[in-house]
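In: fold the stuff below for me.
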Amino acid sequence: MLTLHTAPLLDAGDGTLVPGGAVAVSGDRITAVGPLADLRATYPGARVREWPGRLAPARVHTGPPPQAPSPRETVHALFAGGATALLVDGPLDPSLREAAARGALRLVASPSPTPLTPGSRADLSATTDDGTCVATVCAGRLVYRRR
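Out: Numbering: from 1, shown residues only. Predicted coordinates:
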């Protein structure tokens with residue numbers, strides 16, 4: 001199902017800021033980016049998820065992974081922080097590597113997040129004005145939502 005993710009401010013990650021912007025996501029890919037009104041007109045049957053604050057490309061976590069009781073919970077902690085990628089510059093525990101693959105968490109060699117552009121993988125996060133992550137979408141799936 002096509003989903004429109006929207007927030008009061010969309011930061012596409014390429015220098016573009018769109019007040020009331022939205023990202024159209026189908027499967028694991030971004031279909032379109034632009035003003036919510038335009039995307040609603042283009043995709044009238046789409047589900048709409050409204051988030052507070054700012055919608056932007058998901059973070060790349062740099063530094064050691066968070067400490068957690070299990071690799072699965074480590075991956076969840078990364079999602080809760082708005083990250084859908086982990087910067088790896090050395091050996092990584094095989095169980096964490098496996099949990100990352102199961103959760104679609106990318107293991108990357110560069111700390112640069114991917115801008116929100118049509119055709120790219122749908123990795124985005126919504127944060128409040130104080131920087132608190134309220135939602136993370138990884139490869140098109142809502143993997144974290146703050147309650």
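In: bridging residues for the spatially most central residue of the chain?
Out: Within the chain, one residue has its C-alpha closest to the average C-alpha position: by CA atoms, centre = their mean, that is L124, at 2.3 Å. Taking DSSP bridges, one obtains P57, V137 as the residues bridged to L124.
In: swap in R49?
Out: H5.
In: that one and A101: what is the separation?
Out: 26 Å (CB to CB, to the nearest Å). All C-beta spots, glycine's among them, are computed from the backbone N, C-alpha and C.
In: cool, C138 as well?
Out: 12 Å.
In: relative to the whole chain's centre, how far out is the helix-or-strand element of the chain with minimal mean pLDDT?
Out: The helix or strand of the chain with the poorest confidence is strand 17-19; it has a mean of 93 (mean pLDDT, DSSP states H and E). Remark: strand 17-19 is offset 17 Å from the chain centroid, using CA atoms, centre = their mean, to the nearest Å.
In: which stretches in this structure count as helices?
Out: 36-42, 71-80, 94-103 (DSSP state H).
In: which helices and strands does the last one pack with?
Out: Helix 94-103 makes packing contacts with helix 71-80, strand 106-108 when contacts are defined by 3 or more CB pairs under 8 Å, 6 or more residues apart in numbering; DSSP states H and E.
In: and those: which comes nearest R146?
Out: helix 71-80 (7.8 Å; CB to CB).
In: chain center to that closest one: distance?
Out: Computed by CA atoms, centre = their mean, the chain-centroid distance of helix 71-80 equals 14 Å.
In: can you list the buried residues in that helix?
Out: Neighbour-count burial for helix 71-80 flags 71-72, 74-80 (criterion: 16 or more other CB atoms under 10 Å).
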